[in-house]
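J.: build me a model from this:
(2 chains)
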Amino acid sequence: MNATACYFVSAMADENTEIARGLQRRDPDLLDHLIEKYQHRLLRYLVYLTGCGELAEDLFQETWVRVLERGRQYDGRHDFSTWLFAIARNLVIDHLRRKRPETPYSLADGDDSALLDITATGQPSAFDATVQREQNEQISAGMQHIPAGYREALVLRFQEGMSLGEIANVTGAPLGTVKSRIYRGLSALEAWLRGAQL
Amino acid sequence: MSTDSLNSDPMSSDPHERARMLIASAGLERPGPEDPSKAEHSPVEQSWLVVHLESCTTCREFADNSRVTIRLLRGIQITAGERLVSATQMRVRQRAEELQRQQERLWVVCACCAAVTLSTVVSTALLWRGFAWIGQQARLSTPVWEGGFLVFYLMPAVFTGIFLLARGAFLADHNGSYQVDPRV
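T.: Numbers count the residues shown, from 1 in each chain, chains lettered A, B, ... in the order given. Sure thing, here's the model as predicted:
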């Protein structure tokens, strides 16, 4: 590991320790800051996991209340985002269990109408914007058609930029399973996109 | 972290599967050698993949398609509205205050319990001596004054129990509220 990498790892560890201390105190200012910092990432993860914008918003609030209540369990050894996503994931699973007790971990409903606004990041021209919007719609629809476990792995890997080890921590799955889910998810998504373009 | 499961994965015996697993889990857009802490695969695996891709058209095609799909995935953005963020912050603050109040109440309860325990220990010893003295003065037999002590000692708990049972029955009859319907 080079000096720059060491610096970033050390800075992140310091930040995590600070967060752990703040959560021990149940510091509301720290929580305000964390909510603002992780708002988009957490909501995006919940939207893809549940497939429903309204439910994702409810679970978003529940997640932060749970962070407040269980904050003393966070020891700062892992990245805060990993712990946060694991809490959100458990809440989603609890919700799905309550909704459909016969399926311990099942697919979301795929109710596209309830999805939040999905907007393009860059809009250089009207034509490009239209193309990008269509592509976004296609890929969002495709994401709702692949199994939840694959979808989760893809979101954590390519949207949240988590390492394979971090994804394994969040999902509680072995590293090999995480790799397999990413591979199968990507293959399924590509197949769906090819089908949509035909 | 990079090589553990791929080498033990039964699928990795097929070079194409192995290459595609490497492509998918690395994403081909992930930070590579310039940020070794983020690299998911070892240099050996990376160089093996490069060599494989040079000779395999289908895997190269898979890599190109994956790159496009990953770009599309990264291009879409879902943002949380300000309303959601402020509502969440408010809810979290309210819950924090609730927890704070609960904790304060818990401290009061703990302090009361400690005080009651202490006073019970002291008062029991004093009462026992008191009852023994009264029994002696009244020339009562030992089981009699001991029985009296027992009744006196248990009476507050019995009365409290009766009161709580009556209160519970009353609340159950009136849907958990003490407010009586004024029309009655």
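J.: when you work out contacts or count neighbours from here on, use the C-alpha atoms and nothing else.
T.: Fine.
J.: spatially, what comes nearest to residue 26 if we skip its sequence neighbours?
T.: As the question left the chain open, I've gone with chain A. Closest residue in space to residue A:26, ignoring its immediate chain neighbours: residue A:68 at 6.3 Å, by C-alpha to C-alpha, 6 or more residues apart in numbering or on different chains.
J.: ah, I was thinking of chain B
T.: Excluding the flanking residues, the one nearest residue B:26 by C-alpha to C-alpha, 6+ apart is residue B:40, at 6.3 Å.
J.: how many neighbours does the one you found have?
T.: One way to gauge burial is a neighbour count; for residue B:40, by other C-alpha atoms under 10 Å in any protein chain shown, it gives 22.
J.: let's verify it: helix, strand, or coil?
T.: Here residue B:40 is coil, with the state taken from DSSP: H, G, I helix; E, B strand; the rest coil.
J.: check which helix or strand covers the residue nearest the centre of chain B.
T.: By C-alpha atoms, centre = their mean, chain B has its centre lying nearest to residue B:99, at 13.4 Å. Secondary-structure element containing residue B:99, defined by DSSP states H and E: helix B:82-137.
J.: tell me the mean pLDDT for the following helix or strand past that helix?
T.: Taking DSSP H and E as the definition, the helix or strand that follows helix B:82-137 towards the C-terminus is helix B:142-173. Averaging pLDDT along helix B:142-173 gives 89.
J.: can you give me the domain assignment for chain A?
T.: As assigned by automatic domain parsing, chain A contains the domains A:3-99, A:126-196.
J.: and the shortest one with chain B, contact?
T.: Yes: shown here: domain A:126-196 in contact with chain B (C-alpha under 8 Å from any C-alpha of the partner chain) through A:135-136, A:139, A:158-159, A:163-165, A:175-176, A:179-180, A:182-183, A:186, A:189-190.
J.: below-threshold pLDDT in the chain: ranges please.
T.: You didn't say which chain, so I picked chain A. Where chain A drops to pLDDT under 70, the residues are A:1-12, A:100-133, A:196-198.
J.: correction: the question concerned chain B.
T.: Within chain B, the set of residues satisfying pLDDT under 70 comprises B:1-13, B:27-39, B:175-184.
J.: switch the cut-off to 50
T.: Scanning chain B for pLDDT under 50 picks out B:1-11, B:29-37, B:180-184.
J.: relative to the centre of it, find the outermost residue for me.
T.: In chain B, counting by C-alpha atoms, centre = their mean, residue B:139 sits farthest out from the average C-alpha position, at 61.6 Å.
J.: so what's the residue nearest the centre of chain A up against?
T.: Nearest residue to the geometric centre of chain A (C-alpha atoms, centre = their mean): residue A:45, 2.7 Å. Residue A:45 is in contact with A:85, A:152, A:155, A:156, counting by C-alpha atoms under 8 Å, 6 or more residues apart in numbering or on different chains.
J.: again, 10 Å this time
T.: Contacts here follow C-alpha atoms under 10 Å, 6 or more residues apart in numbering or on different chains; on that basis residue A:45 touches A:51, A:56, A:60, A:85, A:88-89, A:151-152, A:155-156, A:159-160, B:78.
J.: same deal with residue A:30?
T.: With contact taken as C-alpha under 10 Å, 6+ apart, residue A:30 is in contact with A:18, A:19, A:21, A:22, A:23, A:36.
J.: helices along chain A, start to end?
T.: Remark: helices of chain A, listed N- to C-terminal, are A:3-25, A:28-50, A:53-70, A:80-99, A:126-144, A:148-154, A:164-171, A:175-197; assignment by DSSP state H.
J.: picking up where we left off before, ok, the residue nearest to residue B:26 to residue A:162 distance?
T.: Spatial separation of residue B:40 from residue A:162 under the definition C-alpha to C-alpha, to the nearest Å is 11 Å.
J.: just residue B:77 next, same as before
T.: From residue B:77 over to residue A:162 the distance is 17 Å, taken as C-alpha to C-alpha.
J.: got it, and residue A:24?
T.: Here the distance between residue A:24 and residue A:162 works out to 26 Å (C-alpha to C-alpha).
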